[in-house]
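Asker: sequence-free structure coming up:
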């Protein structure tokens with residue numbers, strides 16, 4: 001039995017889960033999310049919690065068991081509290097600002113970099129060097145944050161670039177100097 005898959009998912013107040021056919025709908029104060037269930041995985045509601053079970057012990061079904069439980073747990077957390085990633089911009093002249101819903105960054109290129117958030121993602125700026133990505137879908141929040149970081153990943157010599165808050169960048173010594 002999958003250690004993650006067999007744990008029930010407790011439902012906090014204000015979160016409603018509906019299971020119809022092969023689809024689970026999770027509704028909360030922040031929004032609604034849907035997820036299609038694999039054929040040999042069953043999802044049931046048991047006294048205030050969601051339980052995920054599998055039909056057999058085939059390798060791909062065992063893998064999907066834990067994954068399905070993890071995705072459903074993230075959906076419950078997302079519609080209740082939401083997820084956020086914080087990015088720090090480090091470098092002389094590197095900065096970010098909001099123009100409407102779009103994020104515009106100066107990253108040392110000859111042009112500003114504009115990021116248009118996808119549906120369900122909210123971008124915010126806390127000062128000129130902090131970007132906050134918020135949303136209810138954990139995977140989408142992480143992907144948007146990774147896409148923003150990809151414009152100027154931190155370089156190992158001076159540490160300039162975009163990094164996650166709390167990320168440690170291994171620094172290199174650089175050139176040896178003279179003789």
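Answerer: Nice, I can see it. Quantities reported herein were computed from a predicted structural model and do not represent experimental measurements.
Asker: distance between the lengthiest helix in the chain and the chain's centre?
Answerer: Counting by DSSP state H, the longest helix found in the chain is helix 59-80. Computed by Cα atoms, centre = their mean, to the nearest Å, the chain-centroid distance of helix 59-80 equals 14 Å.
Asker: ok, and what's touching that helix?
Answerer: Here helix 59-80 makes contact (Cβ atoms under 8 Å, 6 or more residues apart in numbering) with 2-5, 7, 9, 11-12, 14-15, 17, 24, 26-33, 35, 37-38, 40-41, 43, 50, 52-55, 83, 135-139. Every residue, glycine included, has its C-beta placed from N, CA and C.
Asker: mind checking which of those are buried?
Answerer: 2, 5, 9, 11, 15, 17, 24, 26-28, 30, 33, 37-38, 41, 43, 50, 52, 54, 83, 135-138 (16 or more other Cβ atoms under 10 Å).
Asker: contacting residues for the closest residue to residue 55 other than its chain neighbours?
Answerer: Spatially, and ignoring its direct neighbours in sequence, residue 55 is nearest to residue 40 (4.0 Å; Cβ to Cβ, 6 or more residues apart in numbering). Contacts for residue 40 (Cβ under 8 Å, 6+ apart) come out as 54, 55, 56, 58, 61, 64.
Asker: kindly recompute the last result at 10 Å.
Answerer: Contacts for residue 40 (Cβ atoms under 10 Å, 6 or more residues apart in numbering) come out as 53, 54, 55, 56, 58, 60, 61, 64, 65.
Asker: which strand runs longest in the chain?
Answerer: strand 83-90 (DSSP state E).
Asker: right, and the helix or strand after that strand?
Answerer: strand 95-99 (DSSP states H and E).
Asker: where does residue 162 fall, phi/psi-wise?
Answerer: Here is the backbone geometry of residue 162 (degrees, to the nearest 10): phi -100, psi 130.
Asker: among the buried ones among the contacts of helix 59-80, which lie within strands?
Answerer: 9, 17, 24, 26-27, 33, 41, 43, 50, 52, 54, 83, 135.
Asker: great, nothing more from me.
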